[in-house]
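Engineer: next one to model:
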Amino acid sequence: MNVNQVLNEVESIIKPMKRIDAVPTPEECRLYERYSVEQAHEMARIRPVASTDKAA
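Structural biologist: Here you go, the predicted model:
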């Protein structure tokens, strides 16, 4: 999965959760956690390591 696919899937899960009085359920927390970790790993694979060295 590429980053856009991950983001689209996350958005489709989160949008129905956007209630004003929302307190995330344990299941929602697991989804947020799982996707944030997967997204970080995906982005780390895509982003070239050399670019971080130049920025420093």
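Engineer: going by C-alpha atoms from here, please, whenever you check contacts or count neighbours.
Structural biologist: Fine.
Engineer: where does pLDDT dip in the protein?
Structural biologist: Across the chain, the ranges flagged by pLDDT under 70 are 1, 16-22, 47-56.
Engineer: so which residues of it form helices?
Structural biologist: 3-14, 26-46, 49-55 (DSSP state H).
Engineer: export the ones you listed to TSV and tack on mean neighbour count?
Structural biologist: Listed next are the helices of the chain as TSV, based on neighbours: other Cα atoms under 10 Å:
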stretch	mean neighbour count
helix 3-14	13
helix 26-46	13
helix 49-55	8
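Engineer: could you pull up the residues touching Val6?
Structural biologist: Val6 makes contacts with Tyr35, Gln39, as judged by Cα atoms under 8 Å, 6 or more residues apart in numbering.
Engineer: what about 6 Å?
Structural biologist: Not one residue lies near Val6 by Cα atoms under 6 Å, 6 or more residues apart in numbering.
Engineer: backbone dihedrals for Pro24, please?
Structural biologist: phi -60, psi 140 (degrees, to the nearest 10).
Engineer: okay, now it: neighbour count?
Structural biologist: 13 (other Cα atoms under 10 Å).
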